[in-house]
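Asker: pasting the structure only:
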């Protein structure tokens, strides 16, 4: 919004790109804001969405620009790379209270309502009732911590749900896990998800936002319907087999290297900017003639 106003006041003839990362308007305030933002989206040269499903959803609701593109989020694949240090992994697992026999399922997300950690607590209880030695590692902190602790006590899995608190570097904690899960009610295109995949961890993700654009079920992870705990449990149980989880984790890494690297993302933005600048230049020349 402010960029658009600044361009108008300065009379600079440069292209304006807007990136949009949301998929839902969660309250009256956000709906009112969108009524205003929509005008500035229309004025922009290009609106960039972070996944195809998000693009289609907002276009149906009248949120668009003169040009509408999808550029996926990307991660630094050198920074997010499984170094394969078994000693470091064993030490950290021990500090967290996990043994080598434990099946550790990680969630790399702030403890917020929309991330739906409570469902994973339920899943841990169900997996353990099936005889699967599942334990959860919640990487982050937030407003839902008390509710999560209460749910874990209710199902007698309080010792099996470990919370790390806020971490500046999540990589060692993801590497300490055998598989990852995201049970979110809403996502656009989760950066946390592709970070976990870059670290060669298979991911079980609720089928929201662009999850189906990053996960091929049975290849590099699984998708489950939002709120379907039984489906979540069934898929997590498959990944308890370490041969399966390692194979799918390798596939997850391959997908990130091919489609969701930071380099790929930056290259796409550079090409888009150059294309828009050329279009602006051509339009000015046509007007001059």
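Answerer: Sure, I can see it. All values reported here derive from a predicted model rather than from experimental measurement.
Asker: Name the nearest residue to residue 137, ignoring sequence neighbours.
Answerer: Closest residue to residue 137 apart from its sequence neighbours, by C-beta to C-beta, 6 or more residues apart in numbering: residue 106 at 4.6 Å. (C-beta placed from N, C-alpha, C; glycine too.)
Asker: part of a strand, is residue 142?
Answerer: No - residue state for residue 142 (DSSP: H, G, I helix; E, B strand; the rest coil) corresponds to coil; a strand is not indicated.
Asker: Can you get me a residue count around the closest residue to it other than its chain neighbours?
Answerer: Leaving aside its chain neighbours, residue 142 sits nearest to residue 111 (3.3 Å; criterion: C-beta to C-beta, 6+ apart). Residue 111: 21 surrounding residues under other C-beta atoms under 10 Å.
Asker: Quick check: pLDDT value at residue 111.
Answerer: pLDDT recorded at residue 111 is 98.
Asker: and it, what does it touch?
Answerer: Applying C-beta atoms under 8 Å, 6 or more residues apart in numbering to residue 111 gives the contacts 117, 138, 140-145, 148, 163.
Asker: Write the ChimeraX selection for whichever of these are buried.
Answerer: Buried subset of the contacts of residue 111, written as a ChimeraX selection, criterion 16 or more other C-beta atoms under 10 Å:
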select :117,138,140,142,144,148,163
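Asker: Which one of the contacts of residue 111 is nearest to residue 76?
Answerer: Nearest to residue 76 out of the contacts of residue 111 is residue 140 (C-beta to C-beta; 20.1 Å).
Asker: just the helices in this protein please.
Answerer: For the chain, the helices defined by DSSP state H cover 2-10, 28-43, 52-60, 86-96, 117-129, 145-154, 171-175, 191-198, 211-214, 229-238, 242-259, 262-288.
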